[in-house]
Every structure is written in structure tokens, then in C-alpha cells.
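Trainee: coords please:
(one chain, ligands or ions: 1)
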Amino acid sequence: MRDGTRYPDILVVDLLGGLGDLVMVLPVIHALARRNPGAAVRVLTHAPGDVLVESDPAVTEVVRAEKGDERAAVAAELDRRRPALVVSTTRHSGIPEEIESRGVRSVTNLWRNPPPDEQVSRRYLRILAAEGLVDDVDVPPSIHLTPAERVRGAATLADHTDPGRPVVLVPGAGMAVKHWPHWAALARGLAGRGTSPLVVTGDPAPGAWAEELARPLPPTGLRDLAALFAAVGDRGGTVVGPDTGPVRMAAAVGARTVGLFGPTAAARYGLGPAGVDLQGLPGCPHRRPTAITEQVCWWEARCPLAADGPACMADLSPDSVLRASHAG
Ligand code: SF4
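Mentor: A predicted model of the protein is given here:
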């Protein structure tokens, strides 16, 4: 039932630790702001993702928490300005108990009974809709950029690509279990079709193929990278990469994406209808779509199905990714 209360001061807590986690909570922030016009909406999160909500008209203030000190950061924020409503994605470190102890309206478990084939963002919204707190459940993640940032992103893209529809590769996996072993073959395939892709370099650095077959992008800040991805979208281009924060960011600024899903289930973590989500080894019996951190392979990339790396990532062939990259 619809909760008729207007909440004048709302605190959204996302301290899960990943850039992609923050992108997935953006629809919650936007739906709460729409339901409560004029409300002060504060977001408590970590760096470096905090900059992604900096210019967002729905966000009144962004507060940064240090890693390892999350519960204290939540307590300090609740003390600094008592919110009327708190919504939290985060359940570690006693954070739900800290919030609930203040006796304000709160939703502290957005992970209850997740269906294995429901997108995380949509699940968050459905729970809040069931609590009567939001109206929309089909809001895609969206990152706000300023006009000046968009102009700069378009100029950077023009400086590093030929005219036409660009292809941007984002090989950095963040975790070894998401590493895709076929980047060089994809770059060769793109070169064979006359496309010299742009490569977002990261840690670890891509191999020699990035210098030989592609154009590495100089290091850039997160917002400038988001603006560059927005320009890729404006030019009808494609961003290719595994299930990581930067690729999720590309989808959230309107770029077409080709998502390489291995250990995570595309049905739950997919990037959305504007792109193509490819799933390696869809029948892997070790995949746990609603409890990925408990998967046998998750933390150390030890795959029971292959000695030389995640079998699901290797299963995504360069040809299938090449076809998807050029299909837009
Ligand atoms: S067990 Fe292997 S194939 Fe299965 S999800 Fe994990 S890394 Fe992928």
C-alpha cells in the first residue's frame, strides 16, 4: 500500500564498496526523490564512486565514508542530521542495527528473498514499492553529467578515435574471476573490420595488444570517463567489458554495452535493454546468482571446471563478442 507520508529528509546508505553497487542504487535515489519533491536527499557512500552523484539534481549532499569505518560513519551521519527516512543497501558491520536503533522509518534489508532472475536495481525498487515508498519499479540507472562535462567527453573521444561509431574496450576486471582471456583476439577481429578500438587502461595494465592493435586512453577521472562513455553513446558506439563498475557506468550514461558475464548471472546483474549481455557457461552448477560472494570461485578465481582460469569467461568466444560489438 502507498505510504502517504512525505519524507522531508532522506538518507540513502550504500557502503557495499563497489562502484557498480552505487550505480545499481541510483534508481532508488531517483525514485525516492520523485516521490518526495523538495526533500533533502543525502547519500552516504565510499570514494571513488561518490563523485558520480556529485552533480545529480536529486541529491542534496554526498557524504563520504572511509573503508573499514562504515558503522561509525553511519552513526555520525544519523547524529549530524536526523533523517525522516533511511534506506540502506548495506548489511555488514552492524549497520542495520545502528540505523534501526534510532527509531526512524527505515528499510535496511534490500536483499530479502531475491529471485535469481530479477535485476538487482529492480529488486531494490520492488521492495521499496511493496513498502509503499516509491511508485516506479522500471527505472534504469542514470548518471547525471553537466553540459560542460559532455562537451569535454565528446572532444576527448574525437581526439582518440576516427569518425564513425567507436568501440571502447574496458579490459580491467577488478577481480581475477572476471578476467576475460580473449582481448587480443577481439582487437585483431576489430582491426580486421577496419575498427581501431579505444582501450580504457587500468590495473592491471592490458597486454601489448593494447598498444599494437588499439589506442590506449590516457588515465582519466571517473566523471571524465563517464562523459567519454556518454559521447560514445551519442555517436552510436559500443563499450565492451566484464561486469564491472566502469561498464555499468557506461550503460548508465546511455552507451550501448556488450557485457561479458561469467561468474555473475546476467539475468540478475545484466546491464539492461540498451545493450547485449553475454553469459559464459550458463549452466555452471557452481554459480549462485543470489549469493555470489559465497561462490567457490569468487574471491580467488579458483574455478573447479578449469585449471587455467574461470571457464565461464573463457567460454565467451571472441567471435561472439565481435558480432555483438558490431551489431548495434
Ligand atoms: S565455477 Fe568456474 S565456470 Fe562456474 S561461475 Fe565460477 S569461475 Fe565461472
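
Trainee: could you point out which element follows the helix-or-strand element of the chain with minimal mean pLDDT?
Mentor: Using mean pLDDT, DSSP states H and E, the weakest-scoring helix or strand in the chain turns out to be helix 209-213, at a mean of 87. Towards the C-terminus, the helix or strand next in line after helix 209-213, according to DSSP states H and E, is strand 215-217.

Trainee: hmm, back to that, for the least confident helix or strand of the chain, buried residues please.
Mentor: Judged by neighbour count using 16 or more other Cβ atoms under 10 Å, the buried positions of helix 209-213 are 209-210, 213. Heads up, the C-betas are built off the backbone N, CA and C, glycines and all.

Trainee: Please apply the same query to stretch 245-253.
Mentor: For stretch 245-253, the buried set under the neighbour-count rule, 16+ other Cβ under 10 Å, comprises 245-253.

Trainee: That stretch: how far from the chain's middle?
Mentor: Centroid displacement of stretch 245-253 relative to its chain, using Cα atoms, centre = their mean, to the nearest Å, is 6 Å.

Trainee: Show the contacting residues for residue 224.
Mentor: 149, 152-153, 156 (Cβ atoms under 8 Å, 6 or more residues apart in numbering).

Trainee: Enumerate the positions of the helix or strand containing it that are buried.
Mentor: Using DSSP H and E, residue 224 sits in helix 222-234. Residues of helix 222-234 classed as buried: 222-233 (neighbour count, 16+ other Cβ under 10 Å).

Trainee: before we move on, what about stretch 27-39?
Mentor: 27-33, 35-36, 39.

Trainee: How about stretch 5-21?
Mentor: Quick answer for stretch 5-21 (16+ other Cβ under 10 Å): 7, 9-16, 18-21.

Trainee: Among those, which lie within strands?
Mentor: 9-13 (DSSP state E).

Trainee: rewinding a little: list just the nearest of the buried residues of helix 209-213 to the ligand.
Mentor: Nearest to the ligand, judged by Cβ to the nearest ligand atom, of the buried residues of helix 209-213 is residue 209 at 23.0 Å.

Trainee: Against residue 128, how distant is that closest one?
Mentor: In this view, residue 209 and residue 128 are 44 Å apart by Cβ to Cβ, to the nearest Å.

Trainee: now swap in residue 295 and tell me
Mentor: Taking Cβ to Cβ, one finds residue 295 at 27 Å from residue 128.

Trainee: between the two, which one's more packed in?
Mentor: In this view residue 295 and residue 128 are compared by other Cβ atoms under 10 Å, and residue 128 has more residues nearby, 23 against 17.

Trainee: where does residue 47 fall, phi/psi-wise?
Mentor: phi -80, psi 150 (degrees, to the nearest 10).

Trainee: Burial check on it, number of neighbours?
Mentor: Residue 47: 13 neighbours (other Cβ under 10 Å).

Trainee: With adjacent residues omitted, what lies nearest to it?
Mentor: residue 64 (5.6 Å; Cβ to Cβ, 6 or more residues apart in numbering).

Trainee: Pull the least confident helix or strand of the chain out as PDB, backbone CA atoms only.
Mentor: C-alpha atoms of helix 209-213 as PDB (Å, rounded to 0.1, in the frame of the first residue of the first chain):
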ATOM      1  CA  TRP A 209      47.900  -5.900 -27.700                       C
ATOM      2  CA  ALA A 210      46.500  -2.700 -26.400                       C
ATOM      3  CA  GLU A 211      49.500  -0.800 -27.900                       C
ATOM      4  CA  GLU A 212      49.700  -2.800 -31.100                       C
ATOM      5  CA  LEU A 213      46.000  -3.200 -32.100                       C
END
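
Trainee: And that helix, what does it pack against?
Mentor: helix 183-192 (3 or more Cβ pairs under 8 Å, 6 or more residues apart in numbering; DSSP states H and E).

Trainee: any idea which of the contacts of residue 224 is closest to residue 281?
Mentor: Minimum distance to residue 281 across the contacts of residue 224 is 35.4 Å, recorded for residue 153 (Cβ to Cβ).

Trainee: roughly how far apart are that closest one and residue 237?
Mentor: Counting by Cβ to Cβ, the gap from residue 153 to residue 237 is 12 Å.

Trainee: swap in residue 23?
Mentor: From residue 23 to residue 237 the distance is 20 Å (Cβ to Cβ).

Trainee: if you count what's nearby, which of the two comes out ahead?
Mentor: Taking neighbours as other Cβ under 10 Å, residue 23 and residue 237 compare with residue 23 leading, 28 against 24.

Trainee: hang on, that one packs against residue 250?
Mentor: No. Look at residue 23 against residue 250 with Cβ atoms under 8 Å: they stay out of range, at 9.8 Å.
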